[in-house]
Structures are given as structure tokens and as C-alpha cells.
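>>> output the structure for:
(one chain, ligands or ions: 1)
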Amino acid sequence: MAMESFAGKLAVVTGGGSGMGRELTRQLAAEGCSVAACDLNPDTMAETVAMARAEAPHGVRVTGHACDVADEAQVLRFRDELLAAHASDHVGLVFANAGAGGGESFAASRREVWERIFAIDWCGVYYCARVFLPLLIAGGGGVLVNTSSVNGLWASLGPGRPQTAYSAAKFAVRGFTEALIEDLRTNAPEVRAVLVLPGHVGTNIVSNSLIAWGLPAPEQMSDAQVQQVVPPQVRDALIRAGALPEGAVPDDLRQFLVRANADFRDKAPVSAAQAATIILDGVRAGAWRILIGEDAKMIDAAVRAKPEAAYDYAELFAGLTGSSGDQTSQAQAADPI
Ligand SMILES: NC(=O)c1ccc[n+]([C@@H]2O[C@H](COP(=O)([O-])OP(=O)(O)OC[C@H]3O[C@@H](n4cnc5c(N)ncnc54)[C@H](O)[C@@H]3O)[C@@H](O)[C@H]2O)c1
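Numbering: from 1, shown residues only. The predicted structure follows:
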């Protein structure tokens with residue numbers, strides 16, 4: 001079911017304050033689609049709204065809302081606010097894009113961080129589907145676009161880099177979205193579900209994830225906070241790897257986190273704007289499964305070709321080049337909080 005144009009529709013975007021959510025908001029608005037976006041961070045959300053409004057044709061309405069998608073009451077409030085602000089009783093597109101990394105180790109990470117990441121990455125998508133599916137049906141036809149990850153295909157970042165909370169949530173998003181395909185075909189054929197599987201995309205997700213855990217951005221962290229994010233065993237491993245100087249002090253750790261975020265953003269093979277274009281082109285063309293980046297395609301193919309070798313990395317990637325992408329720097333920077 002292709003969709004020729006987004007012009008004249010109303011789209012909902014979660015996580016609109018940064019990265020792919022910001023670029024989706026801008027590109028949709030530039031194409032003539034009104035957007036109601038939300039974010040945990042009202043300041044970055046307001047910046048996105050200003051950018052999108054400046055680029056949008058006359059008559060397009062862009063609104064920004066504060067909402068934690070891991071809290072169903074806030075998602076319901078977001079729905080009520082956006083329907084009033086856009087004077088509408090339905091929506092045409094929903095991009096459940098908000099997400100954050102962390103809780104890498106089930107064995108060693110702090111339980112509250114693990115559960116926070118799972119709640120953002122799984123419950124955030126689930127509540128959006130619960131709250132917005134009736135509004136997609138009410139509009140007589142629409143698209144629900146759920147963002148998973150390569151960690152919805154492969155539950156690791158490679159040797160020594162577990163990824164448990166994020167992978168559990170992103171596998172859930174993938175399973176749910178794939179299950180919706182037959183469910184919607186049978187019970188709500190006017191709506192289709194789309195699964196987005198990004199590899200490494202250049203965004204501020206490393207820094208934003210720390211904020212989503214309840215910490216300040218690395219630049220503003222106290223010494224105690226940076227030592228909590230980079231505890232002694234991680235600091236020692238980073239010293240051995242040459243990523244930190246011998247005898248690293250809290251300021252070195254702070255600079256390391258700032259650098260890890262910038263490297264993740266600036267050394268990515270795909271920019272956030274390119275990723276948003278790939279997503280929108282895929283939705284327009286009627287795709288149900290949108291892989292972003294050569295790394296995502298490589299992991300998808302490798303895991304399908306050799307499922308038994310999925311966690312035997314040398315065997316899995318034998319003869320292939322490329323990186324495992326997703327959140328590598330983040331895993332190095334902020335492992336067992
Ligand atoms: N960047 C990558 O390499 C990559 C790879 C695979 C998947 N993804 C996924 O893509 C999506 C977008 O990520 P991005 O890279 O653009 O990250 P980003 O950090 O640039 O943007 C995500 C936005 O979501 C917001 N957010 C976080 N928790 C929230 C919450 N509870 N409620 C509302 N908003 C919240 C953040 O404040 C941020 O503005 C996420 O679901 C992420 O897991 C990203």
C-alpha cells in the first residue's frame with residue numbers, strides 16, 4: 001500500500017527533539033505535512049519546531065509537546081494536546097521513534113537504568129500504538145512506523161559489549177510490529193505497520209541517553225556522576241585500550257563522554273537527515289521493513305545466513321567487512337551503570 005504524498009496529512013513524531021525524529025519532523029513539514037512532535041526535552045523540541053516552521057509551506061502546522069513516552073498518562077495527554085492544537089479528530093501517520101540506550105549488562109548494570117531503557121524503548125512504542133491506532137483508524141487510513149534497531153535483529157554489539165535492555169526492547173518492537181502486519185490486515189486493513197531497523201546513524205543518542213536516564217549532559221555532570229557512568233572497571237579497561245590516559249581523573253572521563261558522543265554523531269556512515277529520507281521514501285513506497293545503512297543490511301544478511309553463529313563473531317562476519325554500528329561508542333563509554 002504505497003502513499004503518494006504526505007501533504008495535507010497530520011503526522012505524530014515521538015523523540016522529535018533530536019536526530020532522526022528532528023529530521024523526520026523537518027522533512028515531513030517541508031513536504032506539506034502538519035506534524036505534532038513530542039520529546040522528553042522541551043528545549044530541543046522547541047528548536048525543532050522553529051526549524052520545521054521556517055521550512056514549511058504556508059498552512060502547515062507544526063507543534064511541539066513535552067512527553068515521556070514511557071508514561072502512558074503523558075502519551076494520553078500528548079494525544080489530547082495535539083488533537084486540540086491541530087483541530088483534528090484523527091491522524092494519518094505515527095512515527096514511534098523516541099529511544100535511548102543503556103542498561104547494557106543485565107548482570108552488572110543498575111536495575112533502575114535497565115528498566116528505564118526497556119520502558120522507553122518498548123513501552124514507549126507500545127503506548128503509542130495503543131493511543132494512536134484508534135486515531136489512524138478514525139482517519140480512514142494511515143501508517144504506524146515503529147523504530148527498532150539492528151539490535152532487534154542481533155542482540156549484541158560484539159565481543160565484550162553486551163546490549164541486554166536495548167536488545168530486549170528492540171526485539172519486542174520488531175516482534176510486535178511484524179505481528180501487527182497480519183493483525184491489521186485482518187482487523188484494521190486501512191492501517192499498515194512499518195518496521196524501521198537502523199544501523200549506525202549519526203545522532204546525539206549517546207548524550208541524550210544519559211539525559212533520559214535522569215543525568216545531565218556530560219558537560220554538566222559532577223565528578224560523582226561521571227564516575228558513576230564510567231565506574232573504575234570501565235575506566236581501567238579504557239586506559240588499557242588507550243582511550244583514556246594513565247591515572248585518568250573525572251575531568252578526563254567527562255571529556256571522554258563528550259568525545260564519545262561527538263564521534264558517534266560525526267563518524268557515522270549515515271546522517272540523521274539521510275536516515276529520515278530513507279524512512280520517508282520507504283513509507284511512501286509501501287515497504288513494511290526499512291533497513292538503514294550498509295551495516296544494518298550486513299547484520300541482517302549475516303544473522304539470517306548463519307543463525308547458529310550469531311554470537312560467534314569471527315564466524316558470523318567471516319569474509320564480510322563493516323562495523324556492527326549501533327551505539328558502539330556508547331557501549332564503550334557507559335557500560336555498567
Ligand atoms: N542512532 C543510531 O545509530 C540508532 C541505531 C539504531 C536504532 N536507533 C533508534 O532510532 C531512534 C531515534 O534515535 P536517534 O539516534 O535519532 O537518537 P537521538 O537521541 O538523537 O533522538 C532521540 C530523541 O528521543 C528523545 N527521548 C528519549 N527518551 C524519551 C522519552 N522517554 N520520551 C520522549 N522522548 C524521548 C530524546 O530526548 C531525543 O531527542 C531510537 O529509537 C533509537 O533507539 C538509533
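>>> what residues does the most centrally placed residue in the chain make contact with?
By CA atoms, centre = their mean, the chain has its centre lying nearest to Gly99, at 3.9 Å. Neighbouring residues of Gly99 by CB atoms under 8 Å, 6 or more residues apart in numbering: Gly15, Ile120, Asp121, Gly124, Thr147, Ser149, Ile205. Placement of C-beta: from N, CA and C, glycine included.
>>> I'd say the fifth one and Ala169 touch.
Yep, that's Thr147 we're talking about. No - counting by CB atoms under 8 Å, Thr147 does not reach Ala169; the two are 11.0 Å apart.
>>> hmm, back to that, for the residue nearest to the centre of the chain, helix, strand, or coil?
coil (DSSP: H, G, I helix; E, B strand; the rest coil).
>>> same check on Arg174?
Arg174 ends up helix, using three-state DSSP.
>>> excluding chain neighbours, give the residue nearest to it in space.
Closest residue to Arg174 apart from its sequence neighbours, by CB to CB, 6 or more residues apart in numbering: Gly152 at 3.8 Å.
>>> how about Cys33?
With CB to CB, 6+ apart, the residue lying closest to Cys33 is Phe6, at 3.9 Å.
>>> how close does that neighbour get to Gly101?
29 Å (CB to CB, to the nearest Å).
>>> the more surrounded of these two?
Gly101 (27 against 23; other CB atoms under 10 Å).
>>> secondary structure element for Arg192, which one?
According to DSSP states H and E, Arg192 maps onto strand 191-198.
>>> what lies in contact with the helix or strand that comes right after that strand?
Using DSSP H and E, the helix or strand that follows strand 191-198 in sequence is strand 201-202. Identification of contacts with strand 201-202 by CB under 8 Å, 6+ apart yields 19-20, 264-268, 270-272, 274-275, 292-293.
>>> if we use 10 Å, what do you get?
19-20, 23, 149, 262-276, 278, 292-293, 295-296, 325-326 (CB atoms under 10 Å, 6 or more residues apart in numbering).
>>> show me where the stretch 151-300 of the chain has helices.
For the stretch 151-300 of the chain, the helices defined by DSSP state H, counting those that start in this stretch occupy 164-187, 205-212, 223-229, 232-240, 250-266, 272-285, 294-305.
>>> nearest to the ligand, out of the ones you listed?
Nearest to the ligand, of all these, is helix 205-212, at 3.3 Å by CB to the nearest ligand atom.
>>> give me phi/psi at the residue in the stretch 51-200 of the chain positioned nearest to the ligand?
For the stretch 51-200 of the chain and the ligand, the shortest gap (CB to the nearest ligand atom) falls at Gly99, measuring 2.2 Å. When read as degrees, to the nearest 10, the backbone of Gly99 gives phi -170, psi 160.
>>> and it, what pLDDT?
Model confidence at Gly99, given as pLDDT, is 98.
>>> likewise Ala108?
89.
>>> do the same with the one 3 residues further on
The predicted local confidence for Arg111 comes out at a pLDDT of 95.
>>> show me what from the chain comes close to the ligand.
14-15, 17-21, 38-41, 44, 67-70, 97-100, 120, 124, 147, 149, 198, 200-201, 203-205, 208, 212, 272, 326 (CB under 6 Å from any ligand atom).
>>> weed out the non-buried ones from the contacts of Gly99.
Neighbour-count burial (16 or more other CB atoms under 10 Å) is assigned, among the contacts of Gly99, to Gly15, Ile120, Asp121, Gly124, Thr147, Ser149, Ile205.
>>> sorry, back to before: now the angle from the strand holding Arg192 to helix 164-187?
160 degrees (axes from the mean of the first three to the mean of the last three CA atoms, to 10 degrees).
>>> and strand 191-198 with helix 272-285, angle?
Going by the same axes, to 10 degrees, strand 191-198 makes 150 degrees with helix 272-285.
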